[in-house]
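In: Turn this into a structure:
(chains A and B)
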Amino acid sequence: MAETPCVDLSKTEEILGSYPHEEPSLIQVLQDVHRAYNYLPCDVLVRVAEVLEVPLAKVFSVSTFYKAFSLEPQGDTIIKVCMGTACHIRGAGQLVEELERKLGIGADETTEDLRFTVKTVNCVGACAMAPVMLVGEKYWGSAKPARMEKYLAAGGNDEN
Amino acid sequence: MRIESSDQFKAYHAEARTRDEGLTRKILVCCGTGCLATGAKEVAEAFVHEIEDRKLDVEVGLGVKSTGCHGFCERGPLVAFLPEGLLYTKVKAKKVPEIIEKTIIGRELIPGLLYKNPVNKERIAAYDEIPFYKNQVRVAMRNIGRIDPTDLMDAVAHDAYAGLAKALFEMTPDEVLDEVETSGQRGRGGAGFNTARKWRSCKSAPGDRRFVLCNGDEGDPGAFKDRSIMEGDPHSVLEGMIIGAYALGAHEGYIYVRDEYPLAVVNLQLAIIEARKVGLLGENIMGSGFDFDIQISRGGGAFVCGESSALMRSLAGMTGEPRAKYVHSTAKGLFDLPTVLNNVETWAGIGAIVHHGGAWFAAMGTDKSKGTKAFSLVGKVKNTGLIELPMGTTLRHIIYDIGGGVLKDRPFKAVQTGGPSGGCIPEELLDLPVDYEKLTEAGSMMGSGGMIVMDDRTCMVDVARYFIAFLTEESCGKCTPCREGLKQMLGLYDRLIEGRGTDGDIEKIEALAAGMQLGSLCELGKSAPNPVLSTLKYFRSEYEAHIKDHACPAGICREITAFEIMPDCDGCHACPKVCPTDAIAGTKKELHVIDHEACISCGACLDVCPTDSIRTFPKIELAAEEVV
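Out: Predicted coordinates:
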């Protein structure tokens, strides 16, 4: 924990202030914290445990149980490759491989410059356009490995 | 304005109708997730600008609405025109001025934007004539695509909350329960438990505080009906929950929405705020004296949280681990208090059931499965999208008449239903009428209504492995049969797809499956063997080919599959462009050749070959050639 870079805790205090200090708030608080820092820094987890009066072990258990949470800093743009059934049979695996060739990282990894994090997700519910990938907020339907450059260049911009 | 009585609701409804009818012509732009991805937002904005610039709103009473998912995502962005009932597909923003000029002002069709029937290549103008829509009957999805989900008044103009008004002012809570019982509605989340029975069991549990929950954690890969309902008609979900709460005497409700559905959260949140503002939700609803409020909880991204007891633990801020089923959540659910948890589609149907009567709903469907059911028809099928049909419709009708048949007219192999708890149904069962019982008899289940069509280029061993890998990752780890059983099973499947399978592997898989069915704590583990057992039942020969011949008949399992270009290749040069490892050599108009050393057997070349000149064969034959 000593290696964790110090983060500004004021955002955490602000988030904690808007929820009742009890266990049922835990997941909602962690979701807000995650959005604020783009991951769950250790110092923040300690503070959340303290304020909500939930054992730190339990906070850690929840943080590692749910896929939405990451304990490592993530890239500025999150790439999500949908691995739902429809995407699987229409070749989603090839998209992950192409990303690996282009960015040098596999699923659940982040580029060194913190630009991109690649995640595989279980169905984003856009199956009619399979295979689907998201670069930031932007959905790419009927995605093709050969067009990966374009998807990455468009980045997280929600433009067509 | 706040609605304080039955009469005031009627007045509000009349006002909403008048406003709606004030626009004599309407343009409905589908803004579901599918169409948004292909630029629907820009299309809608372009229409708004064009109408404003030309003052068409005043002159011809023209209005534009951004609606929820029309379902036909494959052809998006979709734009429908009322009252003409015309549908344009694949509309781009730059086409908007032309559409206004020709179609709105000139009242003529633009043939290039009409839907082309893949069966006979005919262009069809009318929404209702397109086979994809013609065969549907919509209950839960009654208003999706017709209303602007962010506009409460538009929803009310289309009869939202009419069922609630009827329940509150004309019926006792017990009469509401009776009506739901008459409808025969069963849970739309998958297991198909009778809705009224669940409600009664909760109502008879001791205690004054009880909860009404909505399960919007649609985790089954390949299913997205709940997403479209929450995004496209959030008021139908709220209305159903309020009616349920009234019947049960509950005052607190939660909607648990998947983390992957951000637009659903936004639209639900907005619907709740709007409904509260006019007194349709919160304290003293419509002046009836009944209080009920709803909160949204966003899931953390765990498949197991779709299971009822796991969902309730997650709502309470804990990890989503299920508990044993002998404790019923209707008696001890959220915070150990009596709780009713129903699926999004179940709740969305309740308002219509109360409004039109249970008998109306029960008149549709089959003997034991009443009403209609939403399905997402996806995979290797021509018309992919979201549909709602009466229970008992055959798979053949769904896949061929509505879906237009298999993509590229390849041979049909199977349809997967029920997500990771379901199974694969083969061609010989295509005439199966779809209801809860029939799907279970076939070794699959209803699940979330996902239907994934598979062709001859789908390996059934790979599909079974896919689901086992999915569940291995999603198992919460609480009970041993599920956690360890899945891990061992995945190991066996890895051997099969890599050509390292040996005699006896199938029997080992079957033994593990039996143990998991018997010993797992929750349905995730108990039903995990379904994809395995159904593929073994109907496609055993594919398993045997992997073991005995080290061959993947579908040419999907890479470790054992090689690719070859046949002499009828016309040298179109499409395949080298998509080959990720530059393993294909050849100049244009000449026969191309694959370098087996460099080839990673990904199949990208085969998918783009227009002349079907690439074949797969077992890699083992390559080694044999070398020996010769």
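In: In space, not sequence, find me the middle residue of chain A.
Out: A:Ala68 (5.8 Å; C-alpha atoms, centre = their mean).
In: mind listing the strands for chain A?
Out: Assigned by DSSP state E, the strands in chain A fall at A:77-82, A:109-110, A:116-121, A:133-135, A:138-140.
In: For the shortest one, name the packing helices and strands.
Out: Spelled out, it's strand A:109-110. Under the contact definition 3 or more C-beta pairs under 8 Å, 6 or more residues apart in numbering or on different chains; DSSP states H and E, strand A:109-110 sits against strand A:116-121. Quick note: C-beta positions are derived from backbone N, CA and C, even for glycine.
In: Would you format the strands of chain A as JSON lines with distance to B:Gly61 included?
Out: Shown next, in JSON lines, are the strands of chain A (distance: least, C-beta to C-beta, whole Å):
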{"stretch": "strand A:77-82", "distance to B:Gly61": "42"}
{"stretch": "strand A:109-110", "distance to B:Gly61": "54"}
{"stretch": "strand A:116-121", "distance to B:Gly61": "44"}
{"stretch": "strand A:133-135", "distance to B:Gly61": "39"}
{"stretch": "strand A:138-140", "distance to B:Gly61": "34"}
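In: Can you check which of those strands gets nearest to B:Val266?
Out: Set against B:Val266 and scored by C-beta to C-beta, the strands of chain A come closest in strand A:138-140, at 15.4 Å.
In: Paired strands for that closest one, with orientation please.
Out: strand A:133-135 (antiparallel) (DSSP bridges).
In: who's in contact with the partner strand?
Out: A:77-82, A:92, A:95, A:124, A:139-140, A:143, A:151-152, A:154-156 (C-beta atoms under 8 Å, 6 or more residues apart in numbering or on different chains).
In: Repeat the analysis, applying 10 Å as the threshold.
Out: Contacting residues not belonging to strand A:133-135 are listed as A:77-82, A:87, A:92, A:95-96, A:99, A:116, A:118-121, A:124, A:126, A:139-141, A:143, A:148, A:150-158, B:37, B:260 [C-beta atoms under 10 Å, 6 or more residues apart in numbering or on different chains].
In: Buried members of those residues into PyMOL, please.
Out: Selection of the buried residues among the contacts of strand A:133-135 in PyMOL, burial being defined by 16 or more other C-beta atoms under 10 Å in any protein chain shown:
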select buried, (chain A and resi 77+78+79+80+81+82+87+92+95+96+99+116+118+119+120+121+124+126+139+140+141+143+148+151+152+154+155) or (chain B and resi 37+260)
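In: so which of the strands of chain A gets nearest B:Met312?
Out: strand A:116-121 (23.9 Å).
In: Show me how far stretch B:547-560 is from its chain's centre.
Out: 31 Å (C-alpha atoms, centre = their mean, to the nearest Å).
In: in the chain, what spans have low per-residue confidence?
Out: Defaulting to chain A. Applying pLDDT under 70 to chain A flags residues A:1-5, A:155-160.
In: um, chain B though
Out: For chain B, the stretches with pLDDT under 70 are B:626-628.
In: Show me which strand runs longest in it.
Out: Max-length strand for chain B by DSSP E is strand B:372-379.
In: helices or strands up against it?
Out: Counting contacts by 3 or more C-beta pairs under 10 Å, 6 or more residues apart in numbering or on different chains; DSSP states H and E, strand B:372-379 packs against helix A:85-89, helix B:225-232, helix B:344-356, strand B:385-390, strand B:412-417, strand B:450-455.
In: so how far is B:Val461 from the closest residue to B:Ala562 other than its chain neighbours?
Out: Distances taken as C-beta to C-beta, 6 or more residues apart in numbering or on different chains place B:Lys619 nearest to B:Ala562, at 4.5 Å, with adjacent residues excluded. B:Lys619 sits 16 Å away from B:Val461, going by C-beta to C-beta, to the nearest Å.
In: can you give me the helices in the stretch 151-300 of chain B?
Out: For the stretch 151-300 of chain B, applying DSSP state H, counting those that start in this stretch gives helices covering B:152-157, B:162-170, B:173-183, B:195-203, B:225-232, B:234-248, B:262-277.
In: Is stretch B:116-130 positioned near chain A?
Out: No - with C-beta under 10 Å from any C-beta of the partner chain as the criterion, chain A is not reached by stretch B:116-130; the gap is at least 15.0 Å.
In: and that stretch, how far out from the chain's middle?
Out: Here stretch B:116-130 shows a centroid-to-chain-centroid distance of 24 Å under the convention C-alpha atoms, centre = their mean.
In: end-to-end on that stretch?
Out: Using C-alpha to C-alpha, to the nearest Å, one end of stretch B:116-130 lies 9 Å from the other.
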